[in-house]
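Q: the sequence isn't on hand, but the structure is:
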């Protein structure tokens, strides 16, 4: 299949969509991003990569980082992790406190904010402090991509912290239920730093290859998580990866994936490839508008749905 | 792959699980079913079938019927149907009124009770009356299986109606929001009749073959729904098919499927086969305890997860 | 104190308010009532009555009828009644199903719709059938007022039933929890008939006198409920009598009272008098706009708050 | 009326109740209080005081302090305060986040924790810093009682802060909605200090006299709040003063009052007297078990209900 020409077709068809949607505006650092940008990259098992648009330009991966921290924590804690965070869709917005209160401080899944905070808190407990934790997260992403220069944007992280009251509320609520182990302020700061990691679609599609191939990088042969854990991360991405539009995404795109408010989405075709797309305009669920359409076009054109 | 011996292995391993769980007891007709029963059938593209246990014994398919009515309604109404029912996981028990009230009478998906009632109501609007609707549902299932003798158990349907207050409440609530078109009593009765359809695992796995093969029966060549609709039905089964344990099912089994409180579960491996399993003891989410484990064993042994 | 001149002052001050608010429009029979009408009556211990406006014109008392049925049921069942309905404010709209579901079918108080339905259901259980129940309710109101001609408007009741899905949903939901004893349809019809009772402010203020005087009519000497029950009915009116604006009413008016969507409000000054007011325009909480202001003016001018 | 002998009767009747209930145990400093203690004091307009039990022993007033801060803030901000906090009963536990989220960070009333935090935050905005605010609160209580020695227990306040995650969550959530002006940490600390104020029932019943007499101390003649504000504070105490048992309290006791988890309750008979009671064993709603019963006995014996 000629992936390059498929990507180019998509790039053309997506043009009228790039001006739609709304750039994330809850922090100045994200609000200033120019909306009409697009990039898409596909990485195959042998490392061959196809791209269109600004595929080497880095952007804020935001919630996509939750896949990396969940992978790390699952490797460390295995089943123990599920005592602190579930794997069910939430049926509520990503940052809701309601369900968390009814369900005694146990977040529904690792991809809503509360769940991701618990995962970061668990990493801090393991690594001993937030500095070492952040290093471990960055090191994980750097090994996945072979790009030692990947880092977070300190300005974005600081700006998030300045507007971080809802996440602080989630963390304190979990702490009041006994499901939080470390300093709320320090872990929330770490969480904002992990969200502020910047990657390009080339790097992101490269990074997700391990999830398309049973947890093992098909190029280097390095196993990042076990095969059964990789399958389960994919299952959670499919059912919970796109906030309150996860069902829509499964329905229209049909691939396990994870989106971020920076406009990025990463997805995998199990056994075949990983895909990353970026366009900053968001739909009303907080997922990239043009990015979601691009992925739907991709699965339509290639017939690559898991269903 | 030797499916027969895999099924036999599963049958043996599942023995200690058959006594666990709890038979549905909200109506006498279901409560009287003997718990320690098990059956499992696999149907391949060419119609070859493998089975263990009481695979020709019919049981009450209950909520599995929602897949058939959703298929029928999607064929008739296409995208129009989504104005009346969504495709998102609910994050709430299958019969909750809370979300329905907050979301103005539009059920989250066609597999929670409210959603299935709306689907049946839409069928009644199309077919003109509840008698013709029930005939159409039965005829659909008979054509899928080639078994003209498939019918519903009138005693079970009556017993459901005697204990049907919560479903009546759901239907009246939707009617108060303008999302219900026909007589509440008559449509709820029709819904209970569709739930009381009885099928064996042999018949059920045969019936689901169309969803494993893009909506078209691979044996007869008859198209029951279009390819894109089949994919979407599978997506909704994966994200919403098992009530408030859909995430767990995706996580552990990794196949699109639908369960019923009669103890049945039907699932598909896209492009390969359909599977039905039955064991009446239910876990705390209302899904067959031994059935869920049997399917997890099946995907472990065959490597047939969609992830 | 010259009550007549106080009422006349209020009548004048209230003129600009009569055009505000919105007549109840969920049923045609109520929607057709002319908005710019007003009446107010005060009845003292000796039966002397002061009125302004259309004080002898009957209107639909709607939810004010809940005070009469609660009185009757409390007399019959005493503390047993509290197993089926609470005395706490609900913090939710009058017809919400959410709290009812979380709290297992036990309504918060007898003045939200679910609670009033349970009370009517309890009366039907006591009187044997809905016809006798309705007679008992009408007879109670006729004895309270000495007006044998008080009746309900059959057209309003029928119109309510035609739009009664939410109340049917509430009743079925309670029945699913085992907190409903009789036919849903028949009791809901009875409930709509009791709501369609028509009284004037003269009659209504006369009827409420027993609650201002410890359950005993100060003129006839007849005891309708015991002194302690009368106090408790007043307490429930104060905390729960005005839907989700009960706190506001206690805050601004400071008297136990009950409103109805027909635009009526009845209130008592314990040990002194009873007051009824009517004006069909409703505020956003479903309480009479001009009526609420008139009562606030009355307590301001007379200093007659319970606080 | 011989109040002293009524109090002594109550003291005797209450003996078997003193061992019931459960001392607040969420912080060590409160958990260590001996349960079987009781005190009750009544203060009349002329300052004459009647007491039984350990009426001069100080205890932690906890949420009763919310009445003092609400009074202060209402005096300062008048109607402006209602933009930030409502006057409706919540229908939810005192520290619930659910309603706060649905209602965009505006707490239902000043007596649930979220509402009290907003009130303290408003005081800090007015007084400029938390130190001056705390001084103002203490000074207010000292002037009300004429007891310059009233202070807070620093150990209790610190212990609350150590377990203060839920209150921190509430404050951060309100801040995320823009309804919080000062440092969360500093204001929550101030709030815990105000809750840790220690008073005896003699002092507490003396302090509440202004609310029984239209905001003006009947002995000194000093006006602490205006007459209309005093009425409204009483109205809010009646509808919202006892968490999720406010309806029960209005129903059984029939007086405006406010309870605290330290086991104290203060109440007023408008125009006549103020009452304080203390017994550390709490009922399931977090209100003093023996204290509530003692107040019910008091209104039964004296006929002093507002209804």
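A: Sure thing, it's come through. Keep in mind it's a predicted model, so treat the numbers as computed, not measured.
Q: the worst-scoring helix or strand of chain A on mean pLDDT packs against which elements?
A: Taking mean pLDDT, DSSP states H and E as the measure, the helix or strand of chain A with the lowest value is helix A:98-102, at a mean of 82. Packing partners of helix A:98-102 (3 or more Cβ pairs under 8 Å, 6 or more residues apart in numbering or on different chains; DSSP states H and E): helix A:165-176, helix D:98-102. In this view, the C-beta of every residue, glycine as well, is placed from N, C-alpha and C.
Q: need those in JSON lines (columns: distance to residue A:142 and mean neighbour count).
A: Listed next are those as JSON lines, based on distance: least, Cβ to Cβ, whole Å; neighbours: other Cβ atoms under 10 Å in any protein chain shown:
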{"stretch": "helix A:165-176", "distance to residue A:142": "25", "mean neighbour count": "25"}
{"stretch": "helix D:98-102", "distance to residue A:142": "38", "mean neighbour count": "19"}
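Q: comparing these by mean pLDDT, which bottoms out?
A: Ranked by mean pLDDT, these end with helix D:98-102 at the bottom, a mean of 82.
Q: figure out how far that helix is from the centre of its chain.
A: 23 Å (Cα atoms, centre = their mean, to the nearest Å).
Q: just stretch A:15-26 next, same as before
A: Put simply, stretch A:15-26 sits 19 Å off its chain's centre (Cα atoms, centre = their mean).
Q: how about low-confidence regions in the stretch 101-250 of chain A?
A: Scanning the stretch 101-250 of chain A for pLDDT under 70 picks out nothing.
Q: between the helices and strands packed on helix A:98-102, which gets nearest to residue C:250?
A: Shortest distance between residue C:250 and the helices and strands packed on helix A:98-102, using Cβ to Cβ, is found for helix D:98-102: 18.9 Å.
Q: circling back: out of the helices and strands packed on helix A:98-102, the one nearest residue B:229 is which?
A: Minimum separation from residue B:229 across these (Cβ to Cβ) falls at helix D:98-102, 36.4 Å.
Q: show me the contact partners of the closest one.
A: A:96-98, A:101-102, C:91, D:90-92, D:106-108, D:114, D:170, D:173-174 (Cβ atoms under 8 Å, 6 or more residues apart in numbering or on different chains).
Q: what's the most distant pair in these?
A: Of all pairs drawn from these, the one with the longest distance (Cβ to Cβ) is A:102 and D:106, at 21.0 Å.
Q: residue of chain A closest to chain C, please.
A: When scored by Cβ to the nearest Cβ, chain A has residue A:102 as its residue closest to chain C, at 8.8 Å.
Q: quick one: that residue from residue A:108, how far?
A: Computed with Cβ to Cβ, to the nearest Å, the distance linking residue A:102 and residue A:108 is 11 Å.
Q: JSON lines for the helices and strands packed on helix A:98-102, including distance to residue A:21?
A: Formatted as JSON lines, these follow (distance: least, Cβ to Cβ, whole Å):
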{"stretch": "helix A:165-176", "distance to residue A:21": "22"}
{"stretch": "helix D:98-102", "distance to residue A:21": "26"}
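Q: these: which one's closest to residue A:280?
A: With Cβ to Cβ as the measure, helix A:165-176 is the member of these nearest residue A:280 (21.5 Å).
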